[in-house]
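Colleague: Model the following, please.
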Amino acid sequence: MFRVTEILDRLFRILLIFFMVEITAVISIAVFSRYFMNSPVYWAEEVTRYSFVWATFLGAACAFRRKELVSMTVIVNALSPGIRRVVFLVLEVIIAVFLVLAVVFGIRMAMVVSPQLAVSTRVSLAWLYAVVPLSTAFMLLCSLENIMALFQNRVTGEAQ
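Modeller: Residues are numbered from 1 along each chain as shown. Below is the predicted model of the structure:
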């Protein structure tokens, strides 16, 4: 499973770079077009907004894998290693359950909005909402990987 999450993590990081470059380019083109050509690009705001949503969800998934999301560990770190491992295991199971629900409801939401089209680009909104089940499924894989590691007693839950 580690190999799959590693490949997906690399892919997501490449997509993050693409989205950041794309957002910068589209905004630059839109500003140039509006102020120097006196002809606004009608789709620029929508494309940058949707790209930012995708970048946010993919970035959160990559940060989750690296345990770089904000967390409060003062009390947990004061516990003995054995109890700390149990606490982290319970937390990972709770997170995994939440992520399963997020994947299921993300897929449902994408299916519900699939007939709707974006105003200026005329692309199905399912493409925008698809990032929710995609990123949460990746986080679920990472959470399952963490659970396996905790069961194998390889880690104590701290950021590595």
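
Colleague: And the strands in the chain?
Modeller: Listed in chain order, the chain contains no strands at all (DSSP state E).

Colleague: need the helix or strand of it with the lowest average pLDDT.
Modeller: Sorted by mean pLDDT, DSSP states H and E, the helices and strands of the chain end with helix 74-77, the least confident at a mean of 83.

Colleague: Please spell out which residues along that one are buried.
Modeller: By neighbour count with 16 or more other CB atoms under 10 Å, helix 74-77 contains the buried residues residue 76. No exception for glycine: its C-beta is placed from N, CA and C like everyone else's.

Colleague: ditto for stretch 53-63
Modeller: Taking 16+ other CB under 10 Å as the criterion, stretch 53-63 shows 54-55, 57-62 as buried.

Colleague: Closest one to residue 13 out of those, please.
Modeller: residue 62 (6.0 Å; CB to CB).

Colleague: Identify the residue spatially nearest to the closest one, adjacent ones excluded.
Modeller: In space, residue 62 comes closest to residue 12 once its chain neighbours are excluded; the distance is 5.3 Å by CB to CB, 6 or more residues apart in numbering.

Colleague: No further questions, thank you.
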